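Engineer: Let's see this in three dimensions:
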Amino acid sequence: MFGFGGGGGVKTLSPAEVHDLVAAGSVHLVDVREDNEWAGARIAGATHAPLSRLAEEAASLPTDKPVVFYCAGGVRSAKAVALSRQLGLPHDSHMSGGISAWAQQGLPIER
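Structural biologist: This next block holds a predicted model:
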């Protein structure tokens with residue numbers, strides 16, 4: 001199972017996989033984009049914790065389910081996994097392609 005202290009690697013999930021996990025209530029989705037990006041569009045139910053403030057906000061991230069990070073294209077979410085690991089948190093998963101790939105696959109976005 002991803003998300004809780006596996007072997008140390010970054011787990012990259014597709015938008016379709018993330019959609020299914022969110023729909024099943026199996027994960028917490030965390031958007032690490034900046035405030036202006038979040039204000040423009042987001043995935044319903046996601047928590048907002050910008051990468052630029054993630055170290056300060058890390059303690060407030062949910063711990064009862066695995067966290068999956070996402071950003072605009074997948075780069076910052078991978079950095080969020082690395083930062084989480086540096087902080088001693090178990091989060092190891094992010095969504096490939098970010099919200100851009102999510103939207104390209106026709107998955108729902110809030111505005």
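Engineer: per-residue confidence averaged over stretch 64-77?
Structural biologist: Over the span of stretch 64-77, the pLDDT mean works out to 96.
Engineer: Stretch 97-105 too?
Structural biologist: 97.
Engineer: buried residues in that stretch?
Structural biologist: Applying a neighbour-count criterion of 16 or more other CB atoms under 10 Å, one finds 97-99, 101-102 buried in stretch 97-105. In this view, the C-beta of every residue, glycine as well, is placed from N, C-alpha and C.
Engineer: Can you show me the CA trace of it as PDB?
Structural biologist: Taking Å, rounded to 0.1, in the frame of the first residue of the first chain, the C-alpha atoms of stretch 97-105 are listed here in PDB:
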ATOM      1  CA  GLY A  97       1.000  15.600 -14.900                       C
ATOM      2  CA  GLY A  98      -0.800  17.500 -12.100                       C
ATOM      3  CA  ILE A  99      -4.100  19.300 -12.500                       C
ATOM      4  CA  SER A 100      -3.200  19.900 -16.200                       C
ATOM      5  CA  ALA A 101      -3.300  16.100 -16.900                       C
ATOM      6  CA  TRP A 102      -6.400  15.800 -14.700                       C
ATOM      7  CA  ALA A 103      -8.300  18.300 -16.800                       C
ATOM      8  CA  GLN A 104      -7.000  16.800 -20.100                       C
ATOM      9  CA  GLN A 105      -8.600  13.500 -19.000                       C
END
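Engineer: Just give me how far it sits from the chain centre.
Structural biologist: How far stretch 97-105 lies from its chain's middle: 13 Å, per CA atoms, centre = their mean, to the nearest Å.
Engineer: now do stretch 90-109
Structural biologist: 8 Å.
Engineer: so how far is the first residue of it from its last?
Structural biologist: 27 Å (CA to CA, to the nearest Å).
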